[in-house]
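>>> what's the 3D shape of this:
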Amino acid sequence: MAVLKATFIGALFLFLESIAGSPRMSAIACLAYMGCSTFFLFDSSFSYESVGIVLCVLTFTVEAASRELVGRPRLKSFALIAVLLASLAVTHHLSAAFAAIYFAALAGLEALRRHDPLRIGAAVVVGLTAILAIGLPFLWMQASGIPLAAYFGPVIEAGFSALLGKILGAATPISEHLGAPDKALYMRLTTLLALILLALGLATGFFRSLAMAAPSGERSGWRPIQAILKRRWRDSRLVLLTLLAFGLPVSVAFRLTNAGWEIGNRMGTFVFIGVGMVVAVSIVHFWQGRTPRGWRRIVPAVALAVIVVGGVASATINPIHGRYRVAADQDSVEPMGIETARWAKEWLGAGNHFTSDRINRLLLASYGRQDVRVKIKEGVDAARIFEGETLGPEEFWALAGSDIDFLLVDLRLTTAPPVLGFYFQPWQRQKGLPLSGAALLKFNDVQGVARIYDNGSIVIYDVRGLHGNS
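Coordinates of the predicted model:
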């Protein structure tokens, strides 16, 4: 993971340097990127996105560095970009989707831009790259049978509905009354101060960043902005990253809702590439100026330090691991759940089909090497099996006709509502109440289900005996 993180920062530095033409500005942008809530923990864990975001930025770097090449060197760089995009497509769907959006937007800006006739070839290469970035993930999705719409759809629909409801003043659903997770006041204040500093950086750097993309002869007053509005700019990549910074307030708005929090959090990983660029331009061209002395040296450095610390503070509910908390991501990961997952691997073997709540699915997949499932069958989520007081006919026959081998029930879910608002999946509607013990223990009375593990808090049921009834 350390190698991946170092590769990511190195690639991001080279990407931004090739666009801004300034190592100093690129270094500041990388520091500002560290204010992203996903940088220190989420993208540093062993997950698909940890690799996906690295491949994504490497692709951007190669494309930006090769934009002035012609002939055979350009073909070689295009082949490398194709290999990176293919690797990205099979690694992480969300990072591949962002790469597709980036290159599609870049191709759109190149089409809008007033070109020198000698630059038409470069625009064509960008268009071909966009086609690859869009087509390769789609082909992989079709070949592997990944239902991407079913995966993204509920999350996006629930998030946008919650955000629009807040904007339009609609009646707030019960799931939005769950309250904010308990977080130390100093962490909230640090995060808020970092957000204010980022907003200040965007406000003072946005037009300056756009002006950097204007032709060299249009660099005084508002003439650079006028040139941009007339579709005359040097580099579409700089224009795109500047516009991408607009995603920060959108991501913050999503994070103010329970249903849209996941969207806002994931957006930050990619939006902060543009945010870092604009903040760096603000510091270099506005706050420090041509002769950075005295407070002009100290204040920007302190502001960057606060932004980085704010990224750490917003990365987790509590950076100091304490007692177990229900459905609270890393605060829910503790020895009992880990030992249960290891027991499953040792005594049941790897690769069994399990379903459970979100935290225990992660533990079973990582420590237990089990094949965890979000759905029992198409159209029947795991939540329906666990939440009902009784196992209804539809749920029973869905379970009997599925390939699920084992159910893991965590009785600690009955002790408190979920800290992050959900037990199973973010898009599921919640009542803000704990699950009942009767609902989780109803499998004791189902014929064909065997209780094979019980440590007092976690129970594993063997449901393979049901499959003969299907």
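
>>> tell me the pLDDT at the residue nearest to Val51 when sequence neighbours are not counted?
Of all residues beyond its chain neighbours, the one nearest Val51 is Thr91 (5.3 Å), with distances taken as C-beta to C-beta, 6 or more residues apart in numbering. From N, CA and C alone the C-beta is placed, and that goes for glycine too. Thr91 is assigned a pLDDT of 85 by the prediction.

>>> report the helix or strand with the lowest average pLDDT across the chain.
Counting by mean pLDDT, DSSP states H and E, the weakest-scoring helix or strand in the chain turns out to be helix 148-168, with a mean of 74.

>>> show me what Lys377 is bridged to.
For Lys377, the beta-bridge partners are Val380 (DSSP bridges).

>>> residue contacts, it?
Under the criterion of C-beta atoms under 8 Å, 6 or more residues apart in numbering, the contact list for Lys377 reads 398, 401-402.

>>> for the least confident helix or strand of the chain, which positions count as buried?
If you call a residue buried by 16 or more other C-beta atoms under 10 Å, then helix 148-168 has these buried ones: 148, 154-155, 158-159, 162-163, 165.

>>> where in the stretch 151-300 of the chain is pLDDT low?
Low-confidence segments of the stretch 151-300 of the chain, defined by pLDDT under 70: 151-153, 170-182, 217-219.

>>> turn the buried residues of helix 148-168 into a markdown table, including distance to Glu334.
Output for the buried residues of helix 148-168, formatted as a markdown table (distance: C-beta to C-beta, whole Å):
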| residue | distance to Glu334 |
| --- | --- |
| Leu148 | 33 |
| Pro154 | 29 |
| Val155 | 27 |
| Ala158 | 29 |
| Gly159 | 29 |
| Ala162 | 30 |
| Leu163 | 33 |
| Gly165 | 35 |
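
>>> just the CA trace of stretch 97-107, in CSV.
Taking Å, rounded to 0.1, in the frame of the first residue of the first chain, the C-alpha atoms of stretch 97-107 are listed here in CSV:
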residue,chain,number,x,y,z
ALA,A,97,-16.2,5.7,-14.8
PHE,A,98,-14.3,8.8,-13.7
ALA,A,99,-11.6,8.3,-16.3
ALA,A,100,-14.4,8.0,-19.0
ILE,A,101,-16.0,11.2,-17.8
TYR,A,102,-12.6,13.0,-17.7
PHE,A,103,-11.6,12.0,-21.2
ALA,A,104,-15.1,12.6,-22.6
ALA,A,105,-15.2,16.1,-21.1
LEU,A,106,-11.6,16.7,-22.4
ALA,A,107,-12.7,15.6,-25.9
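
>>> which other residues reach it?
Taking contacts as C-beta under 8 Å, 6+ apart, the residues outside stretch 97-107 that touch it are 56, 59-60, 63, 85, 88, 123, 126-127, 129-130, 132-134, 137, 236-237, 240, 270.

>>> again, but for stretch 455-470
For stretch 455-470, with C-beta under 8 Å, 6+ apart as the criterion, the contacting residues are 336-337, 339-340, 344, 360, 396-397, 399-402, 404-412, 440-441, 443, 446, 448-454.

>>> inside helices: which ones of those residues?
336-337, 339-340, 360, 396-397, 399-400, 440 (DSSP state H).

>>> identify the farthest-apart pair in those residues.
Every pair in the ones in helices among the contacts of stretch 455-470 was compared (C-beta to C-beta); the two farthest apart turn out to be Glu339 and Trp397, at 33.7 Å.

>>> please parse the protein into its domains.
Under the assignment automatic domain parsing, the domains of the chain span 21-37+175-320, 329-469.

>>> any idea how far the last one is from the chain center?
It refers to domain 329-469. With C-alpha atoms, centre = their mean, to the nearest Å as the basis, domain 329-469 stands 25 Å off its chain's centre.

>>> can you name the element that comes right after the one helix or strand Gly276 maps to?
Here Gly276, judged by DSSP states H and E, is contained in helix 261-282. Toward the C-terminal end, the helix or strand that comes next after helix 261-282 (DSSP H and E) is helix 295-314.

>>> so which bits of that following helix are buried?
In helix 295-314, counting by 16+ other C-beta under 10 Å, buried: 300, 303-304, 306-314.

>>> which single one of these is nearest to Leu112?
Taking C-beta to C-beta as the measure, Leu112 sits nearest to Ile307 out of these, at 32.5 Å.

>>> quick check: the residue nearest the centre of the chain vs Leu466, distance?
Centre of the chain computed as the mean C-alpha position; nearest residue by C-alpha atoms, centre = their mean is Arg266, 2.5 Å away. The span separating Arg266 from Leu466 equals 36 Å under the rule C-beta to C-beta, to the nearest Å.

>>> which stretches of the stretch 301-450 of the chain have low pLDDT?
Per-residue confidence of the stretch 301-450 of the chain (counting by pLDDT under 70) places the weak regions at 317-322, 426-432.

>>> where do the strands of it begin and end?
Using DSSP state E, counting those that start in this stretch, the strands found in the stretch 301-450 of the chain span residues 353-355, 371-372, 375-377, 380-381, 406-410, 450-454.

>>> need those in TSV with distance to Val3, can you?
Shown next, in TSV, are the strands of the stretch 301-450 of the chain (distance: least, C-beta to C-beta, whole Å):
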stretch	distance to Val3
strand 353-355	31
strand 371-372	27
strand 375-377	35
strand 380-381	37
strand 406-410	33
strand 450-454	37
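
>>> what's the closest of the ones you listed to Asp331?
With distances scored as C-beta to C-beta, the stretch of those nearest to Asp331 is strand 406-410 (14.1 Å).

>>> sheet partners, orientation included, of that closest one?
Under the rule (DSSP bridges), strand 406-410 has strand 353-355 (parallel), strand 458-462 (antiparallel) as partners.

>>> for that strand, C-alpha coordinates in PDB please.
Presented in PDB, the C-alpha positions along strand 406-410 are these (Å, rounded to 0.1, in the frame of the first residue of the first chain):
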ATOM      1  CA  PHE A 406     -24.300 -19.700   5.400                       C
ATOM      2  CA  LEU A 407     -25.900 -16.700   7.200                       C
ATOM      3  CA  LEU A 408     -23.900 -14.800   9.800                       C
ATOM      4  CA  VAL A 409     -26.000 -13.000  12.400                       C
ATOM      5  CA  ASP A 410     -24.500 -10.300  14.600                       C
END
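
>>> helices or strands up against the least confident helix or strand of the chain?
Based on contacts counted as 3 or more C-beta pairs under 8 Å, 6 or more residues apart in numbering; DSSP states H and E, the elements that helix 148-168 packs against are helix 247-255, helix 261-282.
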